[in-house]
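**Q** 3D, please:
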Amino acid sequence: MDLSFVLLAGVVLGPAGPGLHFLDVGQGNALLLVGPEGQVVVIDSGPPAAAEVVIHALDEHALLRVDLWIHSHFDADHVGGVARAIAGADGIAGSEDDVEVAALWDRGLDGAPETEAVAAYLAVAGDRRRTAVAGDRFTAPGLSVYAVETGAPLGLAAENARGLALCVEIGGLRLLAPGDLPADQVAVAAAACGPVDVLWAAHHGSAGATSEAVLSAADPALVVISAGRDNPYCHPAAVTLARLHGRAVWISGLAGGGPLGACPGLATSFGPEHRLLAGDLWLPATP
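**A** Sure thing, here's the model as predicted:
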């Protein structure tokens, strides 16, 4: 699909019709998918402090129901916002403005960290959650979301490497959402998904998540990087931006990149087609 009109226009064009709504949740991930016939899928929910952003996005689209909420893994910046978001604007679980969620997918509970964010997720998910594995698919008219292989070996200890990778087809767009997977696993997922219009860069653009093999397999027309403003992790990494020279990139935030910043080389790694977002990014999914 030709994304040039989006790149020229800039950020949010106004949520209308089907599309992908990347939420600016700071240092974290959250993506709202609205299908052509109104079906809704959410991928991740950002950190606990960003739940209000998720609530606002659902309200902006006048959405009271989510058909499927998927969490790529259990780090707090991906799963932390869901319990508060489902409680709605009043913040009271079980009240009239709660968001109805039909089903939830996650990477499975084996080795899940014992954190407040995970406990809150499990409490609100209840028996609606299930473990997603490669090949699992959610389909609706004009919308398909399916888990793809990640090449993860058994017995992984690192939470990032245990995560899901998702291939999304919505309208005329294809997206790869690899969570925080390391680059070798993202490359496996990219090969399984095939060339995409949009790559949601893994692990907020960190140095070890977007390799040349990933870019060769996915060949994205657009790369979206979700990172927090002035984050302490040097996200996105200078080496990642260097690899993305010649590709259109939208970045929601970045670490200290000025001459006196904590991340030397970041400011000078920007390519001519790299842009910083002023807020959310809305990509309409036209046929």
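**Q** quick one: average confidence on the strand or helix carrying Ala217?
**A** Per DSSP states H and E: Ala217 is located in helix 212-218. Per-residue pLDDT over helix 212-218 has a mean of 98.
**Q** who touches that helix?
**A** With contact meaning CB atoms under 8 Å, 6 or more residues apart in numbering, helix 212-218 is reached by 176, 183-184, 186-187, 190-191, 193-196, 199, 202, 243-244, 247. C-beta here means a position set from N, CA and C on the backbone, and glycine is covered the same way.
**Q** pLDDT-wise, which helix or strand of the protein ranks last?
**A** Ranking every helix and strand in the chain by mean pLDDT, DSSP states H and E puts helix 4-9 at the bottom, with a mean of 43.
**Q** just to revisit the earlier point, so which of the contacts of helix 212-218 belong to strands?
**A** Leu176, Leu199 (DSSP state E).
**Q** Just the buried residues of the contacts of helix 212-218.
**A** 176, 183-184, 186-187, 190-191, 193, 196, 199, 202, 243-244, 247 (16 or more other CB atoms under 10 Å).
**Q** What count of nearby residues applies to the closest residue to Gly271 other than its chain neighbours?
**A** Nearest in space to Gly271, with sequence neighbours left out and distances taken as CB to CB, 6 or more residues apart in numbering, is His245 at 4.0 Å. Counted with other CB atoms under 10 Å, the neighbours of His245 add up to 13.
**Q** State the pLDDT value of His245.
**A** Confidence score, pLDDT, at His245: 93.
**Q** how much space between it and Trp200?
**A** Remark: distance between His245 and Trp200 (CB to CB, to the nearest Å) = 19 Å.
**Q** quick one: average pLDDT of stretch 115-133?
**A** 97.
**Q** How about stretch 23-35?
**A** Here the average pLDDT along stretch 23-35 is 96.
**Q** What separates the first and last residues of that stretch, distance-wise?
**A** 17 Å (CA to CA, to the nearest Å).
**Q** gap between that stretch and the chain center?
**A** With CA atoms, centre = their mean, to the nearest Å as the basis, stretch 23-35 stands 6 Å off its chain's centre.
**Q** Tell me where the stretch 101-250 of the chain has helices.
**A** Ranges of helices in the stretch 101-250 of the chain, per DSSP state H, counting those that start in this stretch, are 116-125, 183-193, 212-218, 238-243.
**Q** Could you double-check that Ala120 sits in contact with Ala85?
**A** No: checked against CB atoms under 8 Å, the pair Ala120 and Ala85 is beyond contact range at 10.8 Å.
**Q** quick one, which of these two is more surrounded?
**A** Between Ala120 and Ala85, counted using other CB under 10 Å, the more crowded position is Ala85 (30 against 18).
**Q** Check which helix or strand the closest residue in space to that one that isn't next to it in sequence maps to.
**A** Once flanking residues are discounted, Ala85 sits nearest to Val54: 4.2 Å by CB to CB, 6+ apart. Using DSSP H and E, Val54 sits within helix 51-60.
**Q** and that helix, how far out from the chain's middle?
**A** On CA atoms, centre = their mean, the centre of helix 51-60 falls 15 Å from the chain's centre.
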